[in-house]
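Peer 1: what follows is a predicted structure for the sequence shown.
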Amino acid sequence: MVRVYILSNNDLFGEGVMNLLRLESEVEIVGQGAECDNTFEEIKRLQPEAVIVESNDLVQDSISIVTRILKIETTVKVVGLDLKENKLHLYYGERREVKGIKDLVDAIKTELSTRYQTV
């Protein structure tokens, strides 16, 4: 079972995604909220495995929202859902210890190939 939180300032978007995901037996909706400090605290408290965020040209701050979520909980996947373009963007946080330049180069290569994916 994947625990999911839906973050959207658009009630229609949030309710629609929530209603669709409720039909999936392997998904548990643990919360829904709009962008505000209380919502980020709720995400931290609930520790979902995935947070769904509306991600399109109408949401100007979607990257800062993703960054803020990843700073709260680096093990969460953030899914930016762009209904206008019919695409999703996957973001995740990962921390590594750097002991030398090789570690930095490896991280750059990994990040470029897997961190920000568009499907």
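Peer 2: Structure's in. What do you need? Everything numeric here is computed off the predicted structure, so don't read it as measured data.
Peer 1: against residue 90, how distant is the residue nearest the centre of the chain?
Peer 2: Nearest residue to the geometric centre of the chain (Cα atoms, centre = their mean): residue 78, 1.4 Å. Distance, residue 78 to residue 90, using Cβ to Cβ, to the nearest Å: 8 Å. C-beta coordinates here come from the backbone N, C-alpha and C atoms, glycine included.
Peer 1: show me where this structure has helices.
Peer 2: For the chain, the helices defined by DSSP state H occupy 11-21, 37-46, 62-72, 101-110.
Peer 1: now for the chain, the helix or strand with the poorest mean pLDDT.
Peer 2: strand 117-118 (a mean of 46; mean pLDDT, DSSP states H and E).
Peer 1: still on that earlier bit, in JSON lines: the helices of the chain, plus distance to residue 2, mean pLDDT and mean neighbour count.
Peer 2: As requested, the helices of the chain are arranged in JSON lines below (distance: least, Cβ to Cβ, whole Å; pLDDT from 0 to 100; neighbours: other Cβ atoms under 10 Å):
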{"stretch": "helix 11-21", "distance to residue 2": "9", "mean pLDDT": "90", "mean neighbour count": "14"}
{"stretch": "helix 37-46", "distance to residue 2": "13", "mean pLDDT": "90", "mean neighbour count": "14"}
{"stretch": "helix 62-72", "distance to residue 2": "16", "mean pLDDT": "82", "mean neighbour count": "17"}
{"stretch": "helix 101-110", "distance to residue 2": "23", "mean pLDDT": "67", "mean neighbour count": "11"}
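Peer 1: between the ones you listed, which gets nearest to residue 84?
Peer 2: helix 11-21 (10.9 Å; Cβ to Cβ).
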